[in-house]
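Trainee: Okay, here's the prediction I keep looking at, along with the sequence it came from:
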Amino acid sequence: MNKKLKMLCCSFLLSSSLFMVGCDDHETSSKLESNTTFIEKEKIEITIDETYNLYVMLKEGITGSVTFSIQDETIAQMQSTNVIIGKAIGNTHIIIRQDDLVQVLPLIVYDKNDSEHIAFFTLDKGRLYQKKVVFYGDSISQWETIQAEWILKLANYYQLSHINYAIAGTTLAYTPVRFAYYGHWGTELMYTHEKDNQNADYIFVLYGTNDIDENVPVGETDFEMLNNYNDETPTYRGAVNYAIHLLREQNPNVRIVWLSLIYRDTNLTKAKEYNDALYRLCLANMIKYIDLFSLWDANTKGPNMNDSLHPSSAGQQLMFEKIIQS
C-alpha cells in the first residue's frame, strides 16, 4: 500500500472512531439515571393544558439552584423555569438537576377529558399551587370574610386565588324555610355565580348538613335530577346531580372536589345515607370525592368538635390534612 493510500485509510478510521464516540455519548445522555431524590413522587400525572409547579414540590432542606427540563418537549414543555404544561398525550421524563445530582421523574400526560384522571387525581401542592378555586357550602365552610379555618389553611398552603360562597345555614337544595331565612341555597348560588365558575380551575363543595335538618329525602335512584335550581320537590340525589350537571355545563374543564358530610351527633343514620348516595354519584359522574366523615366518631369527637355539628380548630386541622393528602 503506498503512503498516500495508507494516510487516507488512517484518516477514515480516525474519523469513524470519533463518530462512534459521539454516538455513545449521545446515547448515554438520553439514558440518564437518578442518583438522588428532589421530589418524593414516583411519577407526575397531568392533562393537556394543565400546569404543574415543580419547585413547590421539592423536598424541604434543598438549597441552591435546581433546574428542570423535559426530555420530550412534544409531550410537555416548561411554561416557566419552575412550571410545566401538558402539550400532548404520552409519556416522557422530567430531568431535575443540581450540579452532579440528577433525578429522572416519569411524566404522564392525559387527555383533558380522560374521565378516570378527572376523578382520581391527587391534590398535590404542585397541581393546585396558585390556582383559581371557588368554594360552596354552609357553616362548616362559613361565608364572606368569616371563613372556616380549613379553607384559610388550604388557601395559604396552595396560595390560592379563591372565592368562598359558603353561607351558614344554607342547604344544597331549595327549601322554603331556609330560603325565607337565609335568602340563598346551594344550587341557586351556583347558578348565579356562573362567571366565577367559568373562571375557576377547581370547585370545592360541602353541603348536606342543613338539607338533613330540613328533611330533604335522600332520593330513590342515582339518576334523579332537579328540574331547575328552585325545584320545590327536591331530593339530595337530585340536587347533587343537578349541581354537577350545572357546573360542568358552565365550565367543562373545571375539576370538582366534593367533600362528604362530617360526623354529627344528630340524625347520624341520615348523614350516612347522604354520604353513601354522594359517593355513588361521584363515582358515576367521575367527581373527586373526599371522605371527611371518618375523621372522628362518637369516641374521638371530643377535641374535634365544638358542638353536635361543627368542627373545632383541631377538627378543621384534620380536615385540612385529609384534603391535601387526598
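Mentor: Arrived safely.
Trainee: Please make it C-alpha for all contacts and neighbour counts, starting now.
Mentor: Will do.
Trainee: in this structure, which spans are helices?
Mentor: Taking DSSP state H to define them, one finds helices in the chain at 3-29, 115-120, 125-128, 149-158, 176-182, 186-192, 194-199, 209-213, 236-250, 268-285, 313-324.
Trainee: Nearest to N53, out of the ones you listed?
Mentor: Nearest to N53, of all the helices of the chain, is helix 125-128, at 4.4 Å by CA to CA.
Trainee: Packing partners of the closest one?
Mentor: Counting contacts by 3 or more CA pairs under 8 Å, 6 or more residues apart in numbering; DSSP states H and E, helix 125-128 packs against strand 51-53, helix 149-158.
Trainee: Check which residues of that helix are buried.
Mentor: The neighbour-count check on helix 125-128 (16 or more other CA atoms under 10 Å) flags K125, G126, R127, L128 as buried.
Trainee: Just the closest of these to L32, please.
Mentor: Closest to L32, out of all of the buried residues of helix 125-128 and judged by CA to CA, is G126, at 23.9 Å.
Trainee: I'd say the closest one and L54 touch.
Mentor: Yes: because the distance of 5.9 Å satisfies CA atoms under 8 Å, G126 is recorded as touching L54.
Trainee: any shared contact partners between these two?
Mentor: Common neighbours of G126 and L54, counting by CA atoms under 8 Å, 6 or more residues apart in numbering, are absent.
Trainee: one step back: could you save the buried residues of helix 125-128 as a markdown table and add columns showing pLDDT?
Mentor: Putting these into a markdown table (pLDDT from 0 to 100) gives the following:
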| residue | pLDDT |
| --- | --- |
| K125 | 98 |
| G126 | 98 |
| R127 | 98 |
| L128 | 98 |
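Trainee: mind listing what L309 touches?
Mentor: Y263, R264, D265, T266.
Trainee: let's go with 7 Å and repeat that
Mentor: R264, D265 (CA atoms under 7 Å, 6 or more residues apart in numbering).
Trainee: State the distance from it to I167.
Mentor: 15 Å (CA to CA, to the nearest Å).
Trainee: For this structure, name the helix or strand with the lowest mean pLDDT.
Mentor: The helix or strand of the chain with the poorest confidence is helix 3-29; it has a mean of 36 (mean pLDDT, DSSP states H and E).
Trainee: confidence score at the residue nearest to the spatial centre of the chain?
Mentor: By CA atoms, centre = their mean, the chain has its centre lying nearest to L123, at 3.9 Å. Note on L123: pLDDT of 97.
Trainee: wait, doesn't it sit right on K322?
Mentor: No: assessed by CA atoms under 7 Å, L123 is found out of contact with K322, at 10.2 Å.
Trainee: mind listing what D111 touches?
Mentor: Contacts of D111 (CA under 7 Å, 6+ apart): T47, I48, I89.
Trainee: Quick one: buried ones out of those?
Mentor: T47, I48, I89.
Trainee: For the residue nearest to the second one when sequence neighbours are not counted, list each beta-bridge partner.
Mentor: Once flanking residues are discounted, I48 sits nearest to G86: 4.3 Å by CA to CA, 6 or more residues apart in numbering. G86 has the following beta-bridge partners by DSSP bridges: I48, A76.
Trainee: what about G86, distance to I75?
Mentor: G86 is 6 Å from I75, by CA to CA.
Trainee: Report the set of residues contacting both of those two.
Mentor: By CA under 7 Å, 6+ apart, the residues touching both G86 and I75 are V109.
Trainee: Neighbours of the residue nearest to I48, how many?
Mentor: 27 (other CA atoms under 10 Å).
Trainee: Does it touch E45 like I think?
Mentor: No: the criterion here is CA under 7 Å, and G86 misses it with E45 at 9.3 Å.
Trainee: Now the common contact residues for those two.
Mentor: Joint contacts of G86 and E45 (CA under 7 Å, 6+ apart) are V109.
Trainee: how close does N227 sit to H245?
Mentor: 12 Å.
Trainee: what about the protein, any weak spots by pLDDT?
Mentor: By pLDDT under 70, the low-scoring segments of the chain are 1-30, 144.
Trainee: The same query, at a cut-off of 50, please.
Mentor: 1-29 (pLDDT under 50).
Trainee: thinking again about what came up before, quick one: contacts for the residue nearest to I48?
Mentor: I46, T47, I48, D49, E50, T51, I75, A76, Q77, V109.
Trainee: what are the phi and psi values for the fifth one?
Mentor: Taking degrees, to the nearest 10, you get phi -80, psi 140 for the backbone angles of E50.
Trainee: Please tell me how far it sits from K132.
Mentor: 13 Å.
Trainee: if I look at those two, which residues touch both of them?
Mentor: Between them, E50 and K132 share no contacting residue, judged by CA under 7 Å, 6+ apart.
Trainee: nearest spatial neighbour of S161, skipping sequence neighbours?
Mentor: K132 (4.8 Å).
Trainee: Surely V56 and G126 touch.
Mentor: Yes: counting by CA under 7 Å, G126 is a contact partner of V56 at 5.9 Å.
Trainee: quick one: the closest residue in space to R280 that isn't next to it in sequence from N53, how far?
Mentor: Nearest non-adjacent residue to R280, counting by CA to CA, 6+ apart: D222, 7.6 Å away. Applying CA to CA, the value for D222 to N53 is 37 Å.
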